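J.: when you get a sec, could you give me coordinates for this:
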Amino acid sequence: MPRFFVTASDIESRGEAKFIHITGDDASHISRVLRMKIGEHITACDMRGCEYETVIIRTGNEVILQVLSEKESDNEPPYKAVVYQALVKGDRFDTVLQKSTELGVSEIVPMITSRCTVKLTESEYVKKVERWQKIVREAAKQCGRAIIPTVKYPMKFSDSLKEASLADLPLFCYEGEGTLPLSTIANDVSSPQSVSVMIGPEGGYSVDEAEEAKEAGMKMTGLGRRILRTETASLFVLSFISCKYEL
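T.: Numbers count the residues shown, from 1 in each chain. Next comes the predicted model:
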């Protein structure tokens, strides 16, 4: 069943009945791309964890849905996961956005480290974030999420570290010495409410950055015997976290 995200202002109550108004690109997509008709069903989600099973009662520039039933979504993980991903060239960051969304991330923070090769102006970052948020929104629709993850504005390494270190399970993925396996670290945390995952760029973290992370209380973890690409690392960790705490 097609899924669309709505806001509280899109939901109208008339006595005991509820109706949802969809306009803009989503209305056009429903009416002109999907060619859905009156009487067909759509799942609407209010981005606060509530799903509505609805039936179309009007199509066109404004699509109106009548709510048939509503329930709390069970599609979200029991923890808030935030990925701090160092910026990478090409479309590899797009892959991180899409697949992290599928794996249950709540926020994605583009991170600027000392070895990042991506250099953009402030106006370029604004355009990038707008595009990245669209990628995340479409991925959330496709995989049945109850929320749309947030793509934050790019942050410097030190600022990212301050945020990430506050998580119940703060993971710093590092290829150097002094790390512990993910399984060992996770066994010490039974049911985290928050998880942070810091992933470095193609060239890895500098020694100074690794030392700063240790001092901040991050859990230094390796990701197995093979060297993973930066766009693979976050997906590896999120998959492990999902298996450990969701399944």
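
J.: identify the residues contacting the host helix or strand of Cys243?
T.: Following DSSP states H and E, one finds Cys243 within helix 230-245. When contacts are defined by C-beta atoms under 8 Å, 6 or more residues apart in numbering, helix 230-245 is touched by residues 77-79, 81, 83, 85-86, 88, 92-93, 95-96, 99-100, 103-105, 169, 171, 173, 182-183, 186, 191-192, 195, 197, 199-202, 223-224, 228. Bear in mind the C-beta positions are built from the backbone N, C-alpha and C, glycine included.

J.: so what's Glu62 closest to, chain neighbours aside?
T.: Take Glu62 and drop its neighbours on the chain: the residue closest to it by C-beta to C-beta, 6 or more residues apart in numbering is Thr23, 5.2 Å away.

J.: that should have said Val151, apologies.
T.: Distance criterion C-beta to C-beta, 6+ apart; nearest residue to Val151, sequence neighbours excluded, is Trp132 at 4.4 Å.

J.: surely that neighbour is in contact with Thr150?
T.: No - with contacts counted by C-beta atoms under 8 Å, Trp132 stays clear of Thr150, the gap being 10.1 Å.

J.: list residues touching both of those two?
T.: Common contacts of Trp132 and Thr150 (C-beta under 8 Å, 6+ apart): Ile108.

J.: gap between the residue nearest to Glu62 and Pro192?
T.: Noted for Thr23: a distance of 39 Å to Pro192, by C-beta to C-beta, to the nearest Å.

J.: look at these two and report which has more neighbours.
T.: Applying other C-beta atoms under 10 Å to Thr23 and Pro192 shows that Pro192 carries more neighbours, namely 19 against 12.

J.: which SS state does that one fall under?
T.: coil (DSSP: H, G, I helix; E, B strand; the rest coil).

J.: so who does it touch?
T.: Pro192 sits next to Tyr79, Ala167, Asp168, Leu169, Tyr245 when contact means C-beta under 8 Å, 6+ apart.

J.: what pLDDT is listed against it?
T.: For Pro192, the pLDDT comes out at 96.

J.: not counting sequence-adjacent ones, nearest residue to it?
T.: Take Pro192 and drop its neighbours on the chain: the residue closest to it by C-beta to C-beta, 6+ apart is Asp168, 3.7 Å away.

J.: right, and that neighbour touches Val195 too?
T.: Yes - counting by C-beta under 8 Å, Asp168 touches Val195, with 7.0 Å between them.

J.: what touches both of those two?
T.: Tyr79.

J.: which of these two has more neighbours?
T.: Neighbours were counted for Asp168 and for Val195 using other C-beta under 10 Å; Val195 has more, 27 against 14.

J.: before we move on, back to that, distance of the residue nearest to Val151 from Pro149?
T.: For Trp132, the distance to Pro149 equals 10 Å [C-beta to C-beta].

J.: cool, and Asp25?
T.: Applying C-beta to C-beta to Asp25 and Pro149 gives a distance of 19 Å.

J.: out of these two, which sits in the more crowded spot?
T.: Taking neighbours as other C-beta under 10 Å, Asp25 and Pro149 compare with Pro149 leading, 21 against 10.

J.: is Met111 in a helix, a strand, or coil?
T.: Recorded secondary structure, Met111: strand (three-state DSSP).
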